[in-house]
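Trainee: what follows is a predicted protein model with its sequence.
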Amino acid sequence: MTPWSEASVADLSAVKGICLDIDETLSTRGKLTAEAYAALWQLKAAGYFVVPITGRPAGWCDLIARFWPVDAVVGENGAFSFFMKAGKRERITSPNAPASPKARIEELGRAVLKEFPHARWASDQAYREYDLAIDFCEDVPAWPRADVDRLVALCEREGAHAKVSSIHVNAWFGDYDKFSGFTHLLAGSGAELGLPAAEQWLFIGDSPNDEPLFQRFEHSVGVANLKAFADRLKHPPRYLTQMESGAGFCEMAAKMVDVARQRE
């Protein structure tokens, strides 16, 4: 991974949109700092389109679409996208998301608890529509890495997709991921929202569930805390910031704002 400080301004000049993970990419130890939130506004003021792509639930994504300086938000690891249109919150859903996932999610939950009786669902599980989020360090004592790997393997044996974020294991049924959710947004509502083509976006993230985006975005960035997961990644990002979490996001944003100024 090349240091972000070495990224070419000429190469980045083609970027018109910024996609970002939220937890420990934009946030820092569970908090959205004033500096990171200001960086979102600075990117918008510089003329970039901004789209978070997150594992967080529908309930959170409704708020993000309404109140944050973003053009859309892709939620639950690609299951749907929310955006505002003429003052109304709209949504599109992945064609590969199951119509009624509740029964299968409950069955998966029973299988998880049978092998891991101490498992606890994420505190935002009540606001989810398509996945089961098992907390391994957000509101519970941190699990050993070996147990996280066993949990992923169990979910996959049960027929689910399972991805590790910085805080949860997210498991879902349906053939979609963060990247396909983003491309479905571009294909479904990108034109009416004025969103640029996929090759004109930069993505920044921090964990293995961002790997589909690291793999497919030419302009991909990891914040420094991604190094803790480096040995899990077959497809690391092109660049790595010097700073971790929200400070790393600010580091990325500062350079992209400078790129926009030089482009004028």
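Mentor: Noted; the coordinates are in hand.
Trainee: which outside residues touch stretch 192-200?
Mentor: 14-17, 49, 51, 71-72, 83, 85, 182-183, 185-186, 189, 218 (Cβ atoms under 8 Å, 6 or more residues apart in numbering). Heads up, the C-betas are built off the backbone N, CA and C, glycines and all.
Trainee: how about Ile105: what's its closest non-neighbour residue?
Mentor: Leu132 (5.0 Å; Cβ to Cβ, 6 or more residues apart in numbering).
Trainee: residues near Trp121, how many?
Mentor: Neighbour count of Trp121, defined by other Cβ atoms under 10 Å: 17.
Trainee: for it, give its distance to Ser94.
Mentor: Distance, Trp121 to Ser94, using Cβ to Cβ, to the nearest Å: 22 Å.
Trainee: send the alpha carbons of the longest helix that the chain contains over as PDB?
Mentor: Using DSSP state H to define each element, the chain has its longest helix at helix 245-263. Presented in PDB, the C-alpha positions along helix 245-263 are these (Å, rounded to 0.1, in the frame of the first residue of the first chain):
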ATOM      1  CA  SER A 245      -9.800   6.500  11.800                       C
ATOM      2  CA  GLY A 246     -11.400  10.000  11.600                       C
ATOM      3  CA  ALA A 247      -8.000  11.700  11.500                       C
ATOM      4  CA  GLY A 248      -7.100   9.500   8.500                       C
ATOM      5  CA  PHE A 249     -10.300  10.500   6.800                       C
ATOM      6  CA  CYS A 250      -9.500  14.200   7.400                       C
ATOM      7  CA  GLU A 251      -6.000  13.500   5.900                       C
ATOM      8  CA  MET A 252      -7.600  12.200   2.800                       C
ATOM      9  CA  ALA A 253     -10.200  15.000   2.600                       C
ATOM     10  CA  ALA A 254      -7.600  17.700   3.000                       C
ATOM     11  CA  LYS A 255      -5.700  16.400  -0.100                       C
ATOM     12  CA  MET A 256      -8.800  16.000  -2.100                       C
ATOM     13  CA  VAL A 257     -10.000  19.600  -1.300                       C
ATOM     14  CA  ASP A 258      -6.500  20.700  -2.500                       C
ATOM     15  CA  VAL A 259      -6.900  18.700  -5.700                       C
ATOM     16  CA  ALA A 260     -10.300  20.400  -6.300                       C
ATOM     17  CA  ARG A 261      -8.700  23.800  -5.800                       C
ATOM     18  CA  GLN A 262      -5.900  23.100  -8.300                       C
ATOM     19  CA  ARG A 263      -8.500  21.800 -10.800                       C
END
